[in-house]
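**Q** pasting the sequence and the predicted model now:
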Amino acid sequence: MIDLLPHIINGLTLGLLFALIALGFTLIVGVMEVINLAHGSLFAIGAYFALTVIAGSWFAGTPFGAWWLSLPLGLRYVLALAIGPALAGLAGMLLELCLRPTYGKPPLYGLLLTFGAALVIEELIRLIWGTGEQNLALPQAINGAFLLNGMIFSTYRFFAAGFSIAAIIAVWLFLERTSAGAVIKAGAHDSEMVRALGYDLARLRLVVFGFGAALAGLAGVVMVPIWGLRPHVGVDIVIPAFLIIVIGGVGSFWGAVIAALLVGLAIGITGAYAAAWSTMSMYLLLIAILGFRSRGLLGRKSALEH
Amino acid sequence: MISLSDIPARPSAWITPPMIALALLLLAAPDLLPAIGLYQYLGIEIAIWIGFALGFNLLFGYTGLHSFGHGAYLGIGAYAFGLFQHHVAVSLWGGLFAAVLAAGIAGALVGAFLSHRRGIYYALLTIGFGQIFWFLAMKLHRVTGGEDGLLGIPRPPLTLGPWQVALTDNRALFYFAAALLMIMVVLCWRLANSPFGRVLQAIRQNETRARFVGYEVWRFKWAVFTLSAMLAGLAGSLLAMAQQSAYPDVMSLHQSGLVVMMVLVGGGLVSFWGPVLGVVFYFVARDVLGGLTETWLFWYGLIFMAMVMLRPEGLAGMLHGLLRRGSRHQPSSARAPATEAA
């Protein structure tokens, strides 16, 4: 008998991180009706910038670089957690500007454009950061392991899971309890009406895209110590992310969170029995759930079906 | 924006002038390619991908069903061809048949699941299924050789009655691929302009209306998906012969996306010939830009993005615009925008 507990815990932490990526994704789908296939690439951008911030590699050899490296790793890590997502958000805004000509056309065009963007970003990453596999240096405080009931757990996984929970709650509070969040939700519900009420729809879209992209970047910084960092990581991560929003129901906040936890659990538990096949489980989950509920767990009818 | 129905076609004709032009180009290609500094193998690749893209465009351009997992059926065709040679018999026709059959069965199963879906959900599910096949190809080591690929696939000789021609030479294989391609071109052309093809286009323009007119829409969607999977399988078997091996990476999301990009850049949304232009443009860009810079995919990606933003009707649409400007005597009514359902 395999002891499932560590696998369940690993699965849940993975699921929480997936939720963070999927939230930005679902927010963008909801407001913009664009399936952003470049979402994983924004995740990668956040992570790669974090790498640069922590290692200070762009200023290596200069006095500034030397001073930078003399800062404590913990401080650099916190800075990376802020700068990585911020730059990912900026990249997202740039992408939104490119998307503008596709509004009002079938959703296919947004899908195609972001697919092209994913390709371009991946090649850019190869150009700037090289093609090899890299990893983030972590501060000592969160980079250890501890024993619980005779089993070894990595501290970082718990840090990442706690961080995701905090981020998910913060996003939820932002959407539910602030007036800016209310406008975003209204935009997802009926963007024409929001415009009629005098809000600047173009700016709303820009902000939402930037916000969603920053969430992806944040997930990137937090997740990379678990997944590793390679130029292809954007495509590797966008697939679980979109599976999650389809399973959860396109545009649904809690749908995405629940689906992310389900996918994480499926991967974790399959990993206990057949590690090589663990990724397969999420596709089977997708087909099983969509077989019964064609709009996902909590999905509603949307313009994307045309 | 113009649409497929705006570019005049002569639906009654079996053979049209562009087909003759393509056939002549294909005939000359083995001598033409080295003359302009490229190589013969490129011709085989182009012919294979044109076949794949034409079949794909029946689904993508004509029916408006956006599959992002079509590389899977190309891969299934390649594996089926290779496995047939390894485990059943070294036979060309047997291998081709096995490839078409295997891709057709996979397509029929997936199509049955997909055909009640619409829009973005359809596209997302095709990605899901494409990934499943890719994953199987990677993980079923004993059957497919996993990441290393299925190696040592022979090029069986072509036998036609008493005739026998060896295809081991690239030139011979090219002519065989070109002949198959011409058959596929005529087949796709006839199909696109048959009553069946009209229904497909009606589904693209407005699926709900097509259903209310009385067509069982999902059957058409299923049929065209299966058919385009079979054509992909045929192209896949040629790919297995050309590479003398089969690899999982043609089945990846990346490669499935490439065919979408090729078709769109070429103008598959507005013209039957779009995929042909798109495939040729991609491979020439790969070899020319690839010779200049290692990051040619970056530039190709930028061209693609610009195309989607500014000219989604692609090369074929631009060409059509130029030709129309050249001949001003066309009635202006032909320019009325098609009423596409958004």
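**A** Right, received. Where do you want to start?

**Q** could I get the full set of strands for the stretch 151-300 of chain A?
**A** Using DSSP state E, counting those that start in this stretch, the strands of the stretch 151-300 of chain A run over residues A:151-154.

**Q** hmm, stretch B:273-286 touching chain A?
**A** No - on the criterion CB under 8 Å from any CB of the partner chain, stretch B:273-286 is out of touch with chain A, staying 12.5 Å away. Backbone N, C-alpha and C define where each C-beta goes, glycine included.

**Q** helix or strand with the lowest mean pLDDT in chain A?
**A** strand A:145-148 (a mean of 70; mean pLDDT, DSSP states H and E).

**Q** quick one: the residue nearest to B:L302 when sequence neighbours are not counted from A:R126, how far?
**A** Sequence neighbours aside, A:V120 is the residue nearest to B:L302 in space, at 5.9 Å (criterion: CB to CB, 6 or more residues apart in numbering or on different chains). A:V120 is 11 Å from A:R126, where distance means CB to CB, to the nearest Å.

**Q** now do the helices in the stretch 1-150 of chain A.
**A** Secondary structure of the stretch 1-150 of chain A (DSSP state H, counting those that start in this stretch): helices at A:5-32, A:39-55, A:63-70, A:73-99, A:107-129.

**Q** which one of A:V120 and A:R126 is surrounded by more residues?
**A** A:V120 (23 against 18; other CB atoms under 10 Å in any protein chain shown).

**Q** I'd assumed B:I303 was in contact with the more buried one.
**A** No - assessed by CB atoms under 8 Å, A:V120 is found out of contact with B:I303, at 10.0 Å.

**Q** CSV for the helices of the stretch 1-150 of chain A, including mean pLDDT and distance to A:T178?
**A** Shown next, in CSV, are the helices of the stretch 1-150 of chain A (pLDDT from 0 to 100; distance: least, CB to CB, whole Å):
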stretch, mean pLDDT, distance to A:T178
helix A:5-32, 84, 14
helix A:39-55, 89, 23
helix A:63-70, 77, 35
helix A:73-99, 88, 18
helix A:107-129, 87, 27
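
**Q** just the ones you listed: most buried one?
**A** Per-stretch averages of neighbours, counted by mean count of other CB atoms under 10 Å in any protein chain shown, single out helix A:39-55 among those, with a mean of 28.

**Q** tell me the phi and psi of residue 295?
**A** You didn't say which chain, so I picked chain A. A:R295 adopts backbone torsions of phi -110, psi 20, taken as degrees, to the nearest 10.

**Q** actually chain B
**A** phi -100, psi 40.

**Q** now it: closest residue in space, sequence neighbours ignored.
**A** A:E123 is the one closest to B:T295 (CB to CB, 6+ apart), at 5.1 Å.

**Q** cool, B:R219 as well?
**A** Per CB to CB, 6+ apart, closest to B:R219 is B:S115, 7.6 Å.

**Q** repeat that for A:L298.
**A** Take A:L298 and drop its neighbours on the chain: the residue closest to it by CB to CB, 6+ apart is A:G255, 3.4 Å away.

**Q** so who does the one you found touch?
**A** A:26, A:245, A:247-249, A:296-299 (CB atoms under 8 Å, 6 or more residues apart in numbering or on different chains).

**Q** for A:I289, see how far away it is.
**A** A:G255 is 11 Å from A:I289, by CB to CB.

**Q** and for the two, which residues touch both?
**A** A:247, A:296-297.

**Q** kindly reformat the residues you listed as a markdown table containing distance to A:Q134, pLDDT and neighbour count.
**A** Output for the shared contacts of A:G255 and A:I289, formatted as a markdown table (distance: CB to CB, whole Å; pLDDT from 0 to 100; neighbours: other CB atoms under 10 Å in any protein chain shown):
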| residue | distance to A:Q134 | pLDDT | neighbour count |
| --- | --- | --- | --- |
| A:I247 | 31 | 86 | 28 |
| A:G296 | 35 | 75 | 24 |
| A:L297 | 36 | 78 | 19 |
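
**Q** between the residues you listed, which is nearest chain B?
**A** Chain B lies nearest to A:G296 out of those, by CB to the nearest CB, at 8.8 Å.

**Q** what residues does that closest one make contact with?
**A** Contacts of A:G296 by CB under 8 Å, 6+ apart are A:245-250, A:252, A:255, A:259, A:289-290.

**Q** and for B:A29?
**A** B:43, B:174, B:178.

**Q** and B:L74, by the same measure?
**A** B:L74 makes contacts with B:52, B:103, B:232-233, B:235-236, B:239, B:250-251, B:255, as judged by CB under 8 Å, 6+ apart.

**Q** which residues of chain B lie near chain A?
**A** Proximity of chain B to chain A (CB under 8 Å from any CB) is limited to residues B:66, B:68, B:113, B:116-121, B:123-125, B:127-129, B:131-132, B:135, B:139, B:253-254, B:257, B:260-261, B:264, B:295, B:297-298, B:300-302, B:304-305, B:308-310, B:312, B:340-342.

**Q** in the stretch 151-300 of chain B, what residue comes closest to chain A?
**A** For the stretch 151-300 of chain B, CB to the nearest CB, closest residue to chain A: B:F298, 3.6 Å.

**Q** residue ranges with poor pLDDT in the stretch 1-150 of chain B?
**A** By pLDDT under 70, the low-scoring segments of the stretch 1-150 of chain B are B:1-12.

**Q** can you pull out the helices in it?
**A** Using DSSP H, counting those that start in this stretch, helices in the stretch 1-150 of chain B cover B:17-35, B:40-57, B:71-87, B:92-114, B:119-139, B:141-144.

**Q** mean neighbour count, these: which tops it?
**A** Sort those by mean neighbour count, taking mean count of other CB under 10 Å, and helix B:71-87 sits at the top with a mean of 28.

**Q** between it and helix B:119-139, how many degrees?
**A** If you take axes from the mean of the first three to the mean of the last three CA atoms, to 10 degrees, helix B:71-87 sits at 30 degrees to helix B:119-139.

**Q** if we can go back for a sec, looking at the helices of the stretch 1-150 of chain B, which is nearest to A:A55?
**A** Among those, helix B:119-139 comes nearest to A:A55, with 32.3 Å by CB to CB.

**Q** just the CA trace of the closest one, in PDB.
**A** In PDB, the C-alpha atoms belonging to helix B:119-139 read as follows (Å, rounded to 0.1, in the frame of the first residue of the first chain):
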ATOM      1  CA  GLY B 119     -16.500  27.900 -31.100                       C
ATOM      2  CA  ILE B 120     -13.700  28.200 -28.600                       C
ATOM      3  CA  TYR B 121     -14.800  25.000 -26.800                       C
ATOM      4  CA  TYR B 122     -14.200  23.100 -30.000                       C
ATOM      5  CA  ALA B 123     -10.700  24.600 -30.400                       C
ATOM      6  CA  LEU B 124      -9.800  23.900 -26.800                       C
ATOM      7  CA  LEU B 125     -10.900  20.300 -27.000                       C
ATOM      8  CA  THR B 126      -8.900  19.700 -30.100                       C
ATOM      9  CA  ILE B 127      -5.900  20.900 -28.200                       C
ATOM     10  CA  GLY B 128      -6.700  18.500 -25.400                       C
ATOM     11  CA  PHE B 129      -7.100  15.500 -27.800                       C
ATOM     12  CA  GLY B 130      -4.000  16.500 -29.700                       C
ATOM     13  CA  GLN B 131      -2.000  16.500 -26.500                       C
ATOM     14  CA  ILE B 132      -3.300  13.100 -25.500                       C
ATOM     15  CA  PHE B 133      -2.100  11.600 -28.800                       C
ATOM     16  CA  TRP B 134       1.300  13.400 -28.500                       C
ATOM     17  CA  PHE B 135       1.600  12.100 -24.900                       C
ATOM     18  CA  LEU B 136       0.800   8.500 -25.900                       C
ATOM     19  CA  ALA B 137       3.400   8.700 -28.600                       C
ATOM     20  CA  MET B 138       6.000   9.900 -26.100                       C
ATOM     21  CA  LYS B 139       5.100   7.400 -23.500                       C
END
